[in-house]
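1. The following comprises the amino acid sequence and a computationally predicted model.
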Number of protein chains: 2
Amino acid sequence: MKQTILPQERAPDASHLIWSERMACTFSLNKMHAFLEGSFGDAIHTLRLMQQIERDPILQVKSNYYEMSREEHRKITAEKIARLAQFMEEDSPNFQVFQDRLNLIAMIDPQLGTRVGVHLGLFLSAIRGNGTQEQFDYWAFQRGAILMKDVYGCFSMTEIAHGSNVAELETLAEYDIEKKVFRITTPHIGATKWWIGGAAHSATHTVVFARLIVKKRDYGVKTFVVPLRDVNHNLYPGVSIGDIGEKMGRDGIDNGWIQFSNVKIPREYMLCKFCKVDEDGNVEEPPLEQLAYGALLGGRVTMVTDSFRTGERFITIALRYSVGRRQFTVKGKSFENQLINYPLHQRRLLPYLAWVYGMSVASYQIQRDHKAVLNGLEEGVRSGDIKVITNAIEQLKGLFADSASLKSTCTWLTADLIDEARQSCGGHGYSAYSGFGKGYADHVVQCTWEGDNNILAQNSGRITIQKVLQMLKNGKVGGTNYQFLYDAKREGAILERLEDYKDLKKLNLAIKSIILRISLNAIDKLNSNGKNWDLIANDKLSLSKLYAAEYILDKWISRIDEVEDENVAQQLKNLAVLFAISNIDKFGLEFLKFKVVLDHDILEKAQTEFLQIVRKDVIPLTDSFKLSDFFINSVLGGYNGDIYNEYLETVKSMDPYNNGKPPYATEFLAMLNRGGVEEREKFQKSPEVLAKLCGSNDDDD
Amino acid sequence: MKQTILPQERAPDASHLIWSERMACTFSLNKMHAFLEGSFGDAIHTLRLMQQIERDPILQVKSNYYEMSREEHRKITAEKIARLAQFMEEDSPNFQVFQDRLNLIAMIDPQLGTRVGVHLGLFLSAIRGNGTQEQFDYWAFQRGAILMKDVYGCFSMTEIAHGSNVAELETLAEYDIEKKVFRITTPHIGATKWWIGGAAHSATHTVVFARLIVKKRDYGVKTFVVPLRDVNHNLYPGVSIGDIGEKMGRDGIDNGWIQFSNVKIPREYMLCKFCKVDEDGNVEEPPLEQLAYGALLGGRVTMVTDSFRTGERFITIALRYSVGRRQFTVKGKSFENQLINYPLHQRRLLPYLAWVYGMSVASYQIQRDHKAVLNGLEEGVRSGDIKVITNAIEQLKGLFADSASLKSTCTWLTADLIDEARQSCGGHGYSAYSGFGKGYADHVVQCTWEGDNNILAQNSGRITIQKVLQMLKNGKVGGTNYQFLYDAKREGAILERLEDYKDLKKLNLAIKSIILRISLNAIDKLNSNGKNWDLIANDKLSLSKLYAAEYILDKWISRIDEVEDENVAQQLKNLAVLFAISNIDKFGLEFLKFKVVLDHDILEKAQTEFLQIVRKDVIPLTDSFKLSDFFINSVLGGYNGDIYNEYLETVKSMDPYNNGKPPYATEFLAMLNRGGVEEREKFQKSPEVLAKLCGSNDDDD
């Protein structure tokens, strides 16, 4: 029993809490933002693009975005595409600006990003990658596809029974020597093209992945441009298309299925940069088939950036809420404690904050590498110089390995981040207007498409082990990003004292070291299991995730060295240390097993210490992302932190009925006010009736 | 280049694969099903109820369930409630049958389960738990609430600014001595009742949790029945209610917010089994306040059963798909390999299969315990015997501890299960018709409501540590389910040789042992950190999860001993071993750190071995759940395994347009066929126009 405190004195003070922490900021948000975006110039470029998106009347995304039907999402996304086509004309010929614009849009409206991305990043990239210059010029420029005019493309790779195993796709492209055409056919249901974004409603053309069959010989999977719809948007004969319907998320994308029944296309529609079929059916095989898939790595690279942007958005929401929300009273205080002050809450969220910073480093680096690779390839093909081409292919292989590890690790991490962030907001995280629900549903497909994460991780892990095998055999390792294996071998790293956990270089070396030791252990297993790589799948998975951590930490340390402002550099160091420690903790079993960590309790101490350090600046560290409320689009994460009022006002404005009495209330009342069972069945089980029914028997008794 | 295989010869053969494995079953599905349900009698009871649900025209759930709007879900859920009211009249007075029915419905239509559950399990349970017999009789029987007649209730506990901290709720119930009424008031926005299921559209009455204020003294939170809507379903004056709108899932539930502005209720509407206020404002304080919350533990107990049922459903879908789906060719085979044959795929899914079996054991046991506790409490209150009451309270405390650990662990585990199952189905898992998307969105709220999982886990972990402290102090431990601490202390367990991992008793002892060692380590930390329990939050979290594993394994071993059929018992043993090993693996760091596991590579070997053993029977082990296609409701998980045809037919039947030409295609075509920029802006930037505009300047040059 206690004295009444006037409840008005205890009304929520979330804004006040957030603003107090904001005012106490000790470093430059502008400088931090410049670090996150790469440079001051990039930072301003990003902000200007955001401003343009935010102000555009057609590109709006608000609370109602969270409750639209599939039909509404489809339609509004198409309208936005038309709007983007105009921005594109503005940006042209600098398509990088448009790509940057699209990446920002993907943060708040991922389905729009994808629907355009399929046309530009998959359909056109496939033509660029697999077609000749003339072919690309025709479809992209003469027809206008590059500006989303006349031709709108989709990308028919996956089939209902084949996703990851592209080499075994079963759609057929049979060359008809007499008619000089390819006949495209779906031989059975398993080869039905499936998940084809843009196919259901939009695409006029598609690039089809199909087996080239000439004179009954199977030359494997090649690519062909196939028109789907005529100028009136009617399907061509032989082309059957349908909507694959509702999905977990991204319902604005019109994913479809396609079946081809003897569809004829001119021989010239085969994309023939590498593989050619002449009129008489002579096939010239590709000299460097690997190059054909190079242009498609762009999708994986973009997903690292996507993960960074999505991570920025959702960690901001959760951290602002954690500062503004109070829960449970601490001894001796009259107000409840802020959520973020609880060590468990810090441990749940702050490693993700560190990861978001880490993903900015990853995004920055891999975007640069990707551009270099594309330039190298273009240069090589143009010059025809075998040395330039070989070099470009080596770079491409490096990018393949890096993107396999980073795409899978970052998209998984971001899925976990959204989920943990949502749970950390308690019940309110379950409101659609918090943004988490659709955010999660929209994001998680990234773990599956354009390379299933598990398969990519297996690829990455296998490459690491092969590099170690190489080192054991030749004493040499190929690939810039694997040189760390030497360091690991030379030095070996032991984390022993508390100080070791504050030393970024030591932490980094520890991660390099564990990668080497897990690989060596996996090689032992391979030697004793008859080289069955499937039996070391779990090691490969761990190696891929650790490779991503190593990649990020390595680049991060270099980037910090370039930061001149000491306060900013210090913040970045703290985050990098937390990043390293939490990754080491995640693989604590391996670190202990291979004795790279000697006493896990010391790691625990270090982690607690850095959680408390980072906790102090969670508001400025998320303000540094410079996301406006438009880009946050969450009732829980607004800049001013006026959580409860914003939330109540939003649900009021979205409520279709006032007075809490929907049309169906009448039927509900009918149930509540229904009469008794006896009455409803006209007393047909009453003793009187039953007696009547058995009257004769009664007499017998 | 290879010879063409006629593609028809390679058409998908998923049904064939599933049926082959089904035909090879070596144990009795009926006996396994009886184990899962508790007994043969229970198994038949369950099947009969399922049949009745499945055949009912109103209770149908099909593919269209995955694409309904909120409005449609709300309306159809209300219609189903009306239907259930009729089933209830049939079941009455055996409400256990109705509860069983509701638990089964919750598997496929969780929003319906909740919407009824709020009225029966929260509103009426609160009246039963906190009200006198007269109060319960009036609202439940005289008014008809027990049969969903006349009165439909909701449960106004949580507020927008208060969820877990019930003791600090801020809604006021001020006693007005003059008028002999309570005045219910929401003093500020933070005290707005929020998330109240049934409030937005349905409830006529609510139980309000509010601070009892008498003569300016605050007696803490008590419960009051407050009428919300009159017989015409209009809100009473002073009652403001709205819809809190769209959620991540369960949109069929009309969650609402409520603000009370000086709403008067008769003094007699206070629920006064424990705390009474007489006419003159004299307050009789509750002697055993703990009892007030006892009736609400039912929700947590039900969620263990829910997790089991939901787990059954989704692991079946993923495993059937993993048997029917082929991916990548293995050396020397002409067909691609089945997904489930990959060790990584086994490792991703089979521990969850073991968990589902484990959760059946947990559900069976805790349902029994719960009934015993409720009977004990009722008996105690009726008899007034302090010894009976004290004993009942001890039992209640035990149930509180068990349910805290099991509710949090099982609901989290099931969320992870659904997510991993979805990812394991690749892209198709992202289709709404696979069931995973809505299944996940509907399920995850269980991790948050009726006790946030993190907070429950903290409670459970703290209790374990306190028991260990007790043991250290007195050499004695209270509570049936903590007696294992003696065993752990007495024996200590080391897993050393491969054989140790095949011995259920040793595995069980290892888990008991790690619980003791983590607790002892946590106590050391407490002693050195000034008894700050928040700093050992992570230990408490681990302890809670391990407690659940220990609880399950312990009961599971006893249950296996009762199984007479050797084949069935052997299957159950294999699953239990896998359950134990995978849990030990999950906490591998701790087991290694405290040297309960000596060599983690041996654990790995054992795990691989048992994954391969369990893999053989995945079809019969999921068939044993006896879920019809109606209860599966997934295009990927049908009994006959005809995945691709079923999937294609479903999307065709759901497609609103044929010919892939939606109404909005016209606008989309307008974009594609738009003219050039110059034309659209009437050539206003052409050199000719620009020359005209600067004609005078030209002259100047």
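-> On my side now, so go ahead. Numbering: from 1, shown residues only, chains lettered A, B, ... in the order given.
2. what's the burial count for the residue in the stretch 351-500 of chain A positioned nearest to chain B?
-> With CB to the nearest CB as the measure, the residue in the stretch 351-500 of chain A that lies nearest chain B is residue A:437; the distance is 3.1 Å. (Each C-beta comes from the backbone N, C-alpha and C, glycine too.) By other CB atoms under 10 Å in any protein chain shown, 23 other residues sit near residue A:437.
3. which ones are touching it?
-> A:66, A:422, A:430-431, B:247-249, B:441 (CB atoms under 8 Å, 6 or more residues apart in numbering or on different chains).
4. Okay, and which of those map to helices?
-> Assigned to helices by DSSP state H, the following of those qualify: A:422, B:441.
5. I'd like to know which of the contacts of residue A:437 is nearest to residue B:84.
-> Proximity of those to residue B:84 (CB to CB) peaks at residue B:249, which lies at 20.5 Å.
6. residues contacting the nearest residue to the closest one once chain neighbours are set aside?
-> Nearest-residue entry for residue B:249: residue B:441, 3.1 Å, with adjacent residues in sequence omitted and distances by CB to CB, 6 or more residues apart in numbering or on different chains. Applying CB under 8 Å, 6+ apart, we find residue B:441 in contact with A:437, A:441, B:248-250.
7. same thing but 7 Å
-> Neighbour list for residue B:441: A:437, B:248-249 [criterion: CB atoms under 7 Å, 6 or more residues apart in numbering or on different chains].
8. wait, which of these is closest to residue B:667?
-> Where the contacts of residue B:441 are concerned, and distances follow CB to CB, residue B:667 has its nearest neighbour in residue A:437, at 29.2 Å.
9. Secondary structure element for that closest one, which one?
-> Assignment of secondary structure by DSSP states H and E places residue A:437 within helix A:436-443.
10. next structured bit after that helix?
-> Defined by DSSP H and E, the subsequent element after helix A:436-443 is helix A:453-474.
11. tell me the domain ranges of chain A?
-> A:150-290, A:462-632 (the TED database).
12. Tell me which of those domains lies nearest to residue B:111.
-> domain A:150-290 (16.8 Å).
13. which residues sit against stretch A:19-33?
-> With CB under 7 Å, 6+ apart, stretch A:19-33 has contacts from A:43, A:323, A:565, A:567-568, A:571, A:619-620, A:623-624, A:626.
14. go with 8 Å
-> The contact list for stretch A:19-33 (CB under 8 Å, 6+ apart) reads A:40, A:43, A:323, A:563, A:565, A:567-568, A:570-571, A:617-621, A:623-626, A:640-641.
15. Any quick ChimeraX command for the buried ones out of those residues?
-> Only the buried members of the contacts of stretch A:19-33 enter the following ChimeraX selection, criterion being 16 or more other CB atoms under 10 Å in any protein chain shown:
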select /A:43,323,563,565,568,571,617,618,619,620,621,623,624,625,626,641
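16. any idea what sits nearest the residue nearest the centre of chain A, other than its immediate chain neighbours?
-> The residue at the geometric middle of chain A, judged as the C-alpha nearest the mean C-alpha position with CA atoms, centre = their mean, is residue A:446 (4.0 Å). Residue nearest to residue A:446 in three dimensions, not counting chain neighbours: residue A:411, with 4.2 Å by CB to CB, 6+ apart.
17. check contacts around the nearest residue to residue A:593 once chain neighbours are set aside.
-> Using CB to CB, 6+ apart and skipping residues adjacent in sequence, the residue nearest residue A:593 is residue B:600, 5.5 Å away. For residue B:600, the contacting residues are A:589, A:593, B:588, B:591-592, by CB under 8 Å, 6+ apart.
18. Can you tell me which of the residues you listed has the most neighbours?
-> Among the contacts of residue B:600, residue B:591 has the most neighbours (other CB under 10 Å), with 24 neighbours.
19. What helices and strands are in contact with the host helix or strand of that one?
-> With elements taken from DSSP H and E, the one containing residue B:591 is helix B:588-593. The contact analysis (3 or more CB pairs under 8 Å, 6 or more residues apart in numbering or on different chains; DSSP states H and E) places helix B:588-593 against helix A:588-593, helix B:504-528, helix B:600-615.
20. what stretches of chain A score poorly on pLDDT?
-> The model of chain A has pLDDT under 70 over residues A:1-9, A:287-295, A:696-701.
21. In it, where's the longest helix?
-> Ranked by residue count, the top helix of chain A under DSSP H comes out as helix A:343-383.
22. Between helix B:453-474 and that helix, find me the angle.
-> Relative orientation of helix A:343-383 and helix B:453-474, computed by axes from the mean of the first three to the mean of the last three CA atoms, to 10 degrees: 130 degrees.
23. now check helix A:343-383, is it near chain B?
-> Yes - against chain B, helix A:343-383 shows contacts by CB under 8 Å from any CB of the partner chain at A:343-344, A:347-348.
24. Okay, angle between that helix and helix A:600-615 too, please.
-> Using the same axes, to 10 degrees: helix A:343-383 against helix A:600-615 is 80 degrees.
25. I'd like the distance from helix A:343-383 to the chain centre, please.
-> Computed by CA atoms, centre = their mean, to the nearest Å, the separation of helix A:343-383 from the middle of its chain amounts to 13 Å.
26. residue boundaries of the strands in chain A?
-> Chain-ordered strands for chain A, with DSSP state E as the definition, fall at A:2-3, A:153-156, A:172-176, A:181-185, A:193-196, A:205-214, A:217-227, A:239-243, A:256-260, A:263-266, A:276-277, A:283-284, A:326-329, A:336-338.
27. Save these as JSON lines, and put in distance to residue A:455 and mean neighbour count too.
-> JSON lines is the format used below for the strands of chain A (distance: least, CB to CB, whole Å; neighbours: other CB atoms under 10 Å in any protein chain shown):
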{"stretch": "strand A:2-3", "distance to residue A:455": "60", "mean neighbour count": "8"}
{"stretch": "strand A:153-156", "distance to residue A:455": "19", "mean neighbour count": "29"}
{"stretch": "strand A:172-176", "distance to residue A:455": "25", "mean neighbour count": "20"}
{"stretch": "strand A:181-185", "distance to residue A:455": "27", "mean neighbour count": "22"}
{"stretch": "strand A:193-196", "distance to residue A:455": "16", "mean neighbour count": "27"}
{"stretch": "strand A:205-214", "distance to residue A:455": "17", "mean neighbour count": "24"}
{"stretch": "strand A:217-227", "distance to residue A:455": "17", "mean neighbour count": "20"}
{"stretch": "strand A:239-243", "distance to residue A:455": "28", "mean neighbour count": "21"}
{"stretch": "strand A:256-260", "distance to residue A:455": "23", "mean neighbour count": "27"}
{"stretch": "strand A:263-266", "distance to residue A:455": "31", "mean neighbour count": "18"}
{"stretch": "strand A:276-277", "distance to residue A:455": "31", "mean neighbour count": "18"}
{"stretch": "strand A:283-284", "distance to residue A:455": "30", "mean neighbour count": "14"}
{"stretch": "strand A:326-329", "distance to residue A:455": "42", "mean neighbour count": "18"}
{"stretch": "strand A:336-338", "distance to residue A:455": "43", "mean neighbour count": "18"}
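28. for the ones you listed, which one sits closest to residue B:496?
-> Short answer: strand A:326-329, nearest of the strands of chain A by CB to CB, at 43.9 Å.
29. Would you list the strands that that closest one pairs with, along with their directions?
-> strand A:336-338 (antiparallel) (DSSP bridges).
30. before we move on, the earlier item: which ones among the contacts of stretch A:19-33 lie within helices?
-> With DSSP H as the criterion, helices contain A:40, A:43, A:323, A:567-568, A:570-571, A:618-621, A:623 from among the contacts of stretch A:19-33.
31. need the helices for the stretch 1-150 of chain A, in chain order.
-> A:14-23, A:29-37, A:40-55, A:70-91, A:95-108, A:110-117, A:125-130, A:133-136 (DSSP state H, counting those that start in this stretch).
32. what does the stretch 51-200 of chain A have sitting close to chain B?
-> Residues of the stretch 51-200 of chain A found near chain B, taking CB under 8 Å from any CB as the criterion, are A:66-67, A:69-71, A:74-75, A:78-79, A:81-82, A:85, A:89, A:148-152, A:158, A:160-165, A:168, A:170, A:172, A:187-192, A:194-195, A:199-200.
33. Going through the residues you listed, which ones are buried?
-> When burial is judged by neighbour count using 16+ other CB under 10 Å, the buried members of these are A:66-67, A:69-70, A:74-75, A:78-79, A:81-82, A:85, A:89, A:148-152, A:158, A:160-165, A:168, A:170, A:172, A:187-192, A:194-195, A:199-200.
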